[in-house]
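Enquirer: Quick one: sequence and predicted model below, then my questions.
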Amino acid sequence: MAGDWDCVECINVNRQFQPRHYREIFKIALPVGLESVFQASFSLIDQIIVGSLGATAVAAVGLSNNLSFILTLLYAAIGTGSGAFIAQAYGRRDMDEVSKIAAIGQTAAVTLGICSALPLVFFPNPILRFLGAQDELAKTASVYLQLFAASAPLTVMSAVTTATFRSMSDSRTPMVITIGAVCLNTLLALFLVLGISGFPKLGVPGAGLATLISQGLRAVVFVTVLYAAKKECIGTGRLGRLLGRSARRCSR
């Protein structure tokens, strides 16, 4: 007990106002917050665009997005867990451990994404009816849900890769990539849902296809930037040397 009180007293005594600490926190927190907002806007954009197709289309996308929200929370937990261990290893400048944890996290992410996607891909109608959808609503939402489910492994891989960037004190890169993916999703959804500029008018499935394409490209860009710009984090020592130099520069 005495040791605990000594620790509390130490924390209280050392609580000093240092503006640079607040600036550092803000520089990390602002990109993280913006990325979270844009990531959540994938579903919102789909609902807004299909709004011109009628109430059934909006309800179909909304019901599917409710299910996707639950899965997104699960995916975020995988990324958070991996990020915590990566941050610890990166703080120790143990780049081999960073590589191992990143590899394990991404493998677990893909496995989880596939396992959660398979039931939604093969049994969309029963799942939607279990959630309370009528036959017409379930029929309208089923293809959208299947396309969303197909993007699940890509989404959860992006979550883990995002956590890897953040754990290495880089929260801007995931924000920029996510914003680009949201912009692409918006354009593709407009073209594919409404049939603009000669694109086929697919309706609600067009929104799901736009999400699948944009999430796929987002995951590819994430992995490419992480492994190319960071010199292949998984399975090589080159990233360790690069990150070691980067860490030394940051510590100066």
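Expert: Nice, thanks for sending it over.
Enquirer: Could you point out the longest helix of the protein?
Expert: helix 55-91 (DSSP state H).
Enquirer: Report the buried residues of it.
Expert: For helix 55-91, the neighbour count (16 or more other C-beta atoms under 10 Å) marks 56-61, 63-65, 67-68, 71-72, 75-76, 78-79, 82-83, 85-87, 89-90 as buried. For every residue, glycine as well, the C-beta is placed using N, CA and C.
Enquirer: Show me what that helix is packed against.
Expert: Contacts defined by 3 or more C-beta pairs under 8 Å, 6 or more residues apart in numbering; DSSP states H and E place helix 55-91 against helix 19-50, helix 95-122, helix 124-130, helix 135-150, helix 152-167, helix 204-224.
Enquirer: what about 7 Å?
Expert: Helices and strands touching helix 55-91, by 3 or more C-beta pairs under 7 Å, 6 or more residues apart in numbering; DSSP states H and E, are helix 19-50, helix 95-122, helix 135-150, helix 152-167, helix 204-224.
Enquirer: Could you give the separation of the second one from the chain centroid?
Expert: Centroid separation for helix 95-122 versus its chain: 13 Å, with C-alpha atoms, centre = their mean, to the nearest Å.
Enquirer: I'd like to check the angle between it and helix 135-150, please.
Expert: Counting by axes from the mean of the first three to the mean of the last three C-alpha atoms, to 10 degrees, helix 95-122 lies at 160 degrees to helix 135-150.
Enquirer: Next, the contact list for Gly206, please.
Expert: Applying C-beta atoms under 7 Å, 6 or more residues apart in numbering to Gly206 gives the contacts Ala189, Leu192, Val193.
Enquirer: how near is it to Arg218?
Expert: According to C-beta to C-beta, to the nearest Å, Gly206 stands 18 Å off from Arg218.
Enquirer: and what of Gln47?
Expert: 20 Å.
Enquirer: quick one: which of the two has more around it?
Expert: Neighbour count, other C-beta atoms under 10 Å: between Gln47 and Arg218, Arg218 has more, with 27 against 17.
Enquirer: Not counting sequence-adjacent ones, nearest residue to that one?
Expert: Spatially, and ignoring its direct neighbours in sequence, Arg218 is nearest to Ala181 (3.8 Å; C-beta to C-beta, 6 or more residues apart in numbering).
Enquirer: Can you report how many residues neighbour that neighbour?
Expert: Neighbour count of Ala181, defined by other C-beta under 10 Å: 24.
Enquirer: quick one: buried residues of the helix or strand harbouring it?
Expert: Using DSSP states H and E, Ala181 maps to helix 172-194. Buried residues in helix 172-194, counting neighbours by 16+ other C-beta under 10 Å, are found at 172-175, 177-179, 181-182, 184-186, 188-194.
Enquirer: Can you spell out which helices and strands pack onto it?
Expert: helix 19-50, helix 152-167, helix 204-224.
Enquirer: Of those, which is nearest Ile104?
Expert: Closest to Ile104 of these, according to C-beta to C-beta: helix 152-167, at 9.6 Å.
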